[in-house]
Structure formats: structure tokens, C-alpha cells
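S.K.: next input, structure requested:
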Amino acid sequence: MKKINLAITGCLGRMGQQIIKSVKNDKNFKLVAITEGKRINKKINGVKIDINTEQTFKKANLIIDFTVPKCTFQILRIATKLKKRVVIGTTGFTKKEENLIKEFSKKIPILKAGNMSLGINLLMYLTEITSSSLGKNFLSKIYEIHHKHKKDYPSGTALMLGKGIAVGKKRNFYSLIGKKYLNKKSFPYGSKINFNSVRKGEIIGEHEVKFSSGKEIITLNHEAFDRALYSEGALSAAKWLMSKKPGLYSMRDLMNFK
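M.R.: Okay, here's the model as predicted:
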């Protein structure tokens with residue numbers, strides 16, 4: 001198999017650094033470009049840190065992006081012009097921005113996931129099934145914990161799981177978003193989906209979806225112990241996306257869930 005020329009944005013971020021480590025151990029890839037938001041006179045694994053330009057991404061077959069929404073759209077504009085594939089792990093997009101990503105995907109193949117973990121994507125699938133099976137008598141809420149450095153809340157994964165609940169109920173997710181709590185010891189169920197986000201220590205990620213009828217509680221949860229599971233998932237997504245036509249894909253498509 002011919003090696004995939006890979007570009008990684010946000011290369012000094014936690015996920016950027018982890019993906020670079022994983023690429024070093026994966027013979028399917030050749031790292032050809034790494035970028036940050038500003039010029040930094042430094043090399044990683046022999047590759048110079050650059051900024052996001054057409055010239056930087058010219059040799060790449062695919063770009064993996066774990067940055068912030070503003071940067072992601074800068075990359076998508078360049079990728080569309082150069083006809084490059086993009087794996088997006090960035091979170092925190094608005095509804096309007098989500099729709100804009102769909103427009104870009106009409107021209108280039110994009111795989112976007114709030115979480116690249118196999119286990120989390122299975123959890124979302126189970127969340128949809130549970131939400132659909134339990135019906136209207138059950139209220140739901142989502143709890144998540146991440147390291148103290150994570151700024152956005154609820155996490156992209158928590159929102160992804162919320163969408164799973166909405167899909168199960170055949171409801172619009174945005175109409176079901178309830179209250180968003182930060183660092184609460186406890187928080188209530190509601191007629192809408194309430195979220196509680198805890199930021200502490202160096203915790204990689206814990207997510208919990210709870211359903212309650214008042215008479216019983218059903219809990220689905222996932223704990224991540226090694227950040228490599230996200231970077232390895234992103235590389236699996238990159239390999240899978242190489243054979244795809246323009247469109248917006250998810251880890252669900254990669255895992256062949258119905």
C-alpha cells in the first residue's frame with residue numbers, strides 16, 4: 001500500500017502531539033506537514049512547524065484537524081481548493097457552522113467526529129437504541145469529566161451522546177438541549193437533556209448517559225485511560241477516508257453501524 005502523505009494541524013496541542021506519536025508507529029503514513037496558528041521556529045520528527053497555507057498542504061493527501069472552529073474553516077477552505085481529504089476532531093461548532101461543514105463536504109471527503117474512540121462511538125449507538133426503546137416515560141441527563149485544561153463544555157462527546165438521545169426519540173437535538181452545568185456535585189434530570197461538565201486534574205475522559213423513569217435508572221458509561229485511543233482512531237479514520245468520494249462521514253460509517 002502506498003503511504004498516505006499526512007498533514008496535522010494544531011501540532012503542539014495535546015491531540016496533535018499524540019497523533020504525531022502514533023504516526024511514528026504506523027507504516028501507512030508519511031508525515032509531510034505540521035502546523036500551528038503562528039510561525040514557530042521548531043521541527044518535530046524532522047518536519048518544520050508551519051502555518052496553514054496552500055503551499056504547506058500541497059504535498060498532503062489528507063489533513064487531520066484537532067484545533068478550534070475558526071482554524072478548522074481556514075483549513076477547509078484551503079483543502080477544498082486543493083481537493084484534499086480532511087478528518088475533523090475539532091469540537092464546539094455552532095449549528096450554523098455544522099451546516100457550513102456539510103456544504104464543504106459536497107466538494108471534498110470529510111470525516112467528522114466529536115470523538116474518535118471506537119468505544120465512545122459504540123456508546124453513542126447504544127444510547128440511540130436505549131433512548132428509542134425506553135420511550136417518553138424516561139428522562140435523561142449526561143455527565144462528563146475531563147482534564148482541567150479543557151476549555152469548552154459540554155464536551156463534543158457529551159453533545160454527540162445528546163444527539164444520540166435525540167435520534168432515539170426522533171427529535172431535533174437542538175430543541176432538546178437543557179441546562180449546562182459546570183463542576184456541580186449533582187444535577188437534575190429534566191424534560192430536556194441536562195449536562196454536567198467537570199474539569200479537574202489530568203483525567204482523559206469519562207462520559208455517562210443516564211435514563212430515569214423515577215422507578216429505575218439505566219446507566220451507560222465509558223472511561224478513557226490512554227489518549228492514544230483517540231489518535232489511533234483518527235488514523236483509522238484517515239485510512240478509511242482515502243477511498244471515499246466527497247461527502248460528510250462519521251466514525252459510525254467507518255464502523256458500519258446501521
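
S.K.: tell me where the stretch 1-150 of the chain has helices.
M.R.: For the stretch 1-150 of the chain, helices defined by DSSP state H, counting those that start in this stretch occupy the ranges 14-24, 54-57, 69-82, 95-104, 118-134.

S.K.: mean neighbour count and mean pLDDT for these - can I get that in a markdown table?
M.R.: Every residue, glycine included, has its C-beta placed from N, CA and C. A markdown table is the format used below for these (neighbours: other CB atoms under 10 Å; pLDDT from 0 to 100):
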| stretch | mean neighbour count | mean pLDDT |
| --- | --- | --- |
| helix 14-24 | 20 | 94 |
| helix 54-57 | 17 | 97 |
| helix 69-82 | 18 | 97 |
| helix 95-104 | 13 | 96 |
| helix 118-134 | 19 | 94 |
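
S.K.: this protein: strands as residue ranges?
M.R.: Assigned by DSSP state E, the chain shows strands spanning 4-9, 29-35, 43-44, 47-50, 62-65, 85-88, 109-112, 139-146, 177-182, 193-199, 205-212, 217-224, 247-249.

S.K.: give me the mean pLDDT for the fourth one.
M.R.: Per-residue pLDDT values across strand 47-50 average out to 95.

S.K.: before we move on, what about the fifth one?
M.R.: In this model, strand 62-65 has a mean pLDDT of 98.

S.K.: elements contacting that strand?
M.R.: strand 4-9, helix 69-82, strand 85-88, helix 228-241 (3 or more CB pairs under 8 Å, 6 or more residues apart in numbering; DSSP states H and E).

S.K.: any chance of those in TSV, with distance to Met255 too?
M.R.: Formatted as TSV, the helices and strands packed on strand 62-65 follow (distance: least, CB to CB, whole Å):
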stretch	distance to Met255
strand 4-9	20
helix 69-82	23
strand 85-88	15
helix 228-241	10
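
S.K.: of all the ones you listed, which lies closest to Asn221?
M.R.: Proximity to Asn221 (CB to CB) singles out helix 228-241 among the helices and strands packed on strand 62-65, at 15.6 Å.

S.K.: what comes into contact with the closest one?
M.R.: For helix 228-241, the external contacting residues (CB atoms under 8 Å, 6 or more residues apart in numbering) are 4, 6, 15, 18-19, 21-23, 26, 28-29, 62, 64, 66, 85, 87, 89, 109-111, 113, 115-119, 224, 249, 251, 254.

S.K.: from the residues you listed, which would you call buried?
M.R.: The neighbour count (16 or more other CB atoms under 10 Å) marks 4, 6, 15, 18-19, 22-23, 26, 29, 62, 64, 66, 85, 87, 89, 109-111, 113, 115-117, 224, 249, 251, 254 as buried among the contacts of helix 228-241.

S.K.: just give the number of residues close to Lys2.
M.R.: 8 (other CB atoms under 10 Å).

S.K.: low pLDDT regions in the stretch 151-258 of the chain?
M.R.: The stretch 151-258 of the chain contains residues with pLDDT under 70 at 258.

S.K.: what sits against the residue of the chain positioned farthest from its centre?
M.R.: For the chain, the residue at maximal distance from the C-alpha centroid (CA atoms, centre = their mean) is Lys215, at 34.3 Å. For Lys215, the contact set (CB under 8 Å, 6+ apart) is empty.

S.K.: also the one 5 residues further on?
M.R.: The contact partners of Leu220, by CB under 8 Å, 6+ apart, come to 123, 126-127, 130, 208-210.

S.K.: closest one of the residues you listed to Lys96?
M.R.: Distances from Lys96 to the contacts of Leu220, taken as CB to CB, are shortest for Thr127 (25.1 Å).

S.K.: give the closest residue to that closest one in space, chain neighbours not counted.
M.R.: Excluding its sequence neighbours, the residue lying closest to Thr127 (CB to CB, 6 or more residues apart in numbering) is Gly164, at 3.6 Å.

S.K.: follow-up on the earlier one: distance of the residue farthest from the centre of the chain from Asn194?
M.R.: Lys215 is 19 Å from Asn194, where distance means CB to CB, to the nearest Å.
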